[in-house]
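**Student:** Test case, fold it:
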Amino acid sequence: MAVLEVGINLGKEPLIEIKYYSSSDDVITPGVRANFLTGIRDFIDEAFGDRISVISSSDFKLISYSKKVGVPGKDENETQPLLSFAIIEQDTDPSFVKKHLKEILSEFRNQYTPNEILTKKPSYFKKFEQKINEILGDLRLKIDDRLKTLFRD
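**Tutor:** Now for the predicted structure:
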């Protein structure tokens with residue numbers, strides 16, 4: 001029960017990507033994942049007027065939560081999707097992880113202005129990774145790793 005990977009995308013642009021376990025390396029690359037999430041989010045929104053929440057495979061689940069970011073100086077209807085996501089083990093509770101994704105996105109939007117979010121390169125957001133780690137706490141550890149931290153010398 002763990003978060004294997006977490007990140008934040010602005011549309012098709014990955015802003016933050018943290019991998020906690022190499023088992024998520026072969027799931028999908030950041031660019032392909034960003035394109036996939038944006039495409040499926042747009043399709044579900046257009047076709048059903050709903051939002052994507054959980055995509056499940058035999059080994060992993062992909063959880064997402066998104067908010068729109070207004071483009072400064074533009075029409076208030078002109079927005080970009082800001083999406084937080086997590087790749088989790090199959091036995092991890094998606095609703096519990098989604099609460100954390102909401103908090104991550106809320107903190108991110110509080111720390112950075114829409115202009116920064118829309119114009120800065122991913123390296124600019126590197127320092128936010130520590131905040132993500134704090135929010136996730138031991139949720140980013142597999143059970144074996146959690147037990148090891150309890151019985152360390």
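**Student:** what is the rounded mean pLDDT of stretch 18-27?
**Tutor:** What stretch 18-27 shows for mean pLDDT is 69.
**Student:** wait, stretch 104-122
**Tutor:** pLDDT averaged over stretch 104-122 gives 95.
**Student:** and the end-to-end length of that stretch?
**Tutor:** 16 Å (CA to CA, to the nearest Å).
**Student:** Return the set of buried residues in that stretch.
**Tutor:** 104, 105, 108, 112, 117, 118, 122 (16 or more other CB atoms under 10 Å). For glycine as for every other residue, the C-beta is placed from the backbone atoms N, C-alpha and C.
**Student:** Select from the residues you listed every entry located in helices.
**Tutor:** Among these, the ones falling in helices (DSSP state H) are 104, 105, 108, 117, 118.
**Student:** circling back to that earlier point, need the buried residues of stretch 104-122 in JSON lines (columns: distance to residue 61).
**Tutor:** JSON lines is the format used below for the buried residues of stretch 104-122 (distance: CB to CB, whole Å):
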{"residue": "104", "distance to residue 61": "17"}
{"residue": "105", "distance to residue 61": "18"}
{"residue": "108", "distance to residue 61": "22"}
{"residue": "112", "distance to residue 61": "27"}
{"residue": "117", "distance to residue 61": "26"}
{"residue": "118", "distance to residue 61": "29"}
{"residue": "122", "distance to residue 61": "24"}
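**Student:** Mind picking the two most distant members of these?
**Tutor:** 104 and 118 (18.3 Å; CB to CB).
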